[in-house]
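1. Need coordinates for the below:
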Amino acid sequence: MRSIWKGAISFGLVTIPVKLYSATEQRDVAFHQVHREDGGRIKYKRVCTVDGEEVPYSDIAKGYELPTGEMVVLTDEDFAELPLSTSRRIDVLQFTPEEQVDPIYFAKTYYLEPDAQGVKPYVLLRDALEDSDKVAVVKVALRQRESLGTLRVRDGVFVLETMLWPDEVREADFPFMEEDVDVRPQELQMASSLIDTMTGDFDPGEYKDRYREALEAVIQAKVEGREVVAPEAAEEAPAAADLLSALRASVEAAKKGRTEKGDGEARTAAGSAKDGSRARKDGAAKGGRGTGAKTGAKAGAKKTADTKTKAKSGTRKTA
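-> Take a look at the predicted model:
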């Protein structure tokens, strides 16, 4: 990974120099706009709407449009004078329980790596934060934009989650929220049963981007000149007559899916055990007579000991 920012965590009077790395990446298949007939790339020109002339990138500035339609032009010098452009600190504002931070505020995730001279204070703050079961609420300026954020620990590394400001989160305001919807107890019980049936430990490795895999297969087929065959569509289950029936059918389907998964795991485990048993038998056979004699002696000794134990047990019962 390549660092995209260098700065420092400011924790009271402690300064911890760090490097910032993007913790996530999109794996979407990238496309270019091309001419359908010959595959030529489509290019765009930067043309001024006033004089119709093409404008070089060096002459382009940022503009803020007023309600009147007038434009306020800002240059690079205007942005350079802002205090955020030179700020290189992640300021710790407070510590708070993690459950109090709504995930809807999270925008982007980054890893923080300490510089050589900042390893000890980095580890100190990391261990203390991890033991506290809290997150640090911070303020940071990235790409000429100030954001709130949180610091937490993941796999021994600080993770910075930049956050949206409260006025950037839209309020959920929909007509149905004002309606008086009657939910029957049986439906609520069945929905709870469905949740219980489908509950399990989250393993992200169990899930795949099927659309991306199918798209990559289509591209590979085009490359190899093969005929592209569309996968067969899965059969859809018939619609249930009412909500309760749908919930009941969902519970049964979830139970069936879990049973089939358990049977598959059991068969896999049984196959592994069978292979292990066969390997042990083969090893014993290859061991030769000496190994067989030792095994026979052990078995004879065990049988004699079992006989003595039974005899003692019988004597105690007779007494």
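2. what's near enough to touch the most centrally placed residue in the chain?
-> The residue lying closest to the centre of the chain (CA atoms, centre = their mean) is residue 204, at 6.1 Å. The contact partners of residue 204, taken as CB atoms under 8 Å, 6 or more residues apart in numbering, number zero. (Each C-beta comes from the backbone N, C-alpha and C, glycine too.)
3. Need the per-residue pLDDT for it.
-> On pLDDT, residue 204 comes in at 86.
4. Let the chain start at 38 from now.
-> In the new numbering, first residue 38, that becomes residue 241.
5. Report the buried residues of stretch 44-54.
-> 44-48, 53-54 (16 or more other CB atoms under 10 Å).
6. Export those as a markdown table, with columns for pLDDT and secondary structure.
-> Shown next, in a markdown table, are the buried residues of stretch 44-54 (pLDDT from 0 to 100; DSSP: H, G, I helix; E, B strand; the rest coil):
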| residue | pLDDT | secondary structure |
| --- | --- | --- |
| 44 | 91 | strand |
| 45 | 93 | strand |
| 46 | 93 | strand |
| 47 | 89 | strand |
| 48 | 85 | strand |
| 53 | 93 | strand |
| 54 | 93 | strand |
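7. What is the nearest of these to residue 112?
-> Here the nearest of the buried residues of stretch 44-54 to residue 112, counting by CB to CB, is residue 44; it sits at 25.4 Å.
8. ok, the closest one touching residue 55?
-> Yes: counting by CB atoms under 8 Å, residue 44 touches residue 55, with 6.5 Å between them.
9. Please enumerate the shared neighbours of these two.
-> With CB under 8 Å, 6+ apart as the test, residue 44 and residue 55 both reach residue 127.
10. For residue 213, the count of nearby residues, please.
-> 6 (other CB atoms under 10 Å).
11. Could you pull up the mean pLDDT of the strand or helix carrying residue 150?
-> Assigning secondary structure by DSSP states H and E places residue 150 in strand 143-151. Average pLDDT, strand 143-151: 96.
12. elements contacting that strand?
-> Packed against strand 143-151 by the contact rule (3 or more CB pairs under 8 Å, 6 or more residues apart in numbering; DSSP states H and E) you find strand 51-59, helix 156-169, strand 182-191, strand 194-200.
13. Send over the last one as PDB, restricted to the C-alpha atoms.
-> When you say that, I think you mean strand 194-200. Listed in PDB are the C-alpha atoms of strand 194-200, where the atom choice follows Å, rounded to 0.1, in the frame of the first residue of the first chain:
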ATOM      1  CA  VAL A 194      -3.800  -1.100  14.000                       C
ATOM      2  CA  PHE A 195      -5.600   2.200  14.400                       C
ATOM      3  CA  VAL A 196      -8.500   2.600  12.000                       C
ATOM      4  CA  LEU A 197      -9.700   6.100  11.200                       C
ATOM      5  CA  GLU A 198     -13.300   6.400  10.100                       C
ATOM      6  CA  THR A 199     -14.100   9.800   8.700                       C
ATOM      7  CA  MET A 200     -17.700  10.900   9.400                       C
END
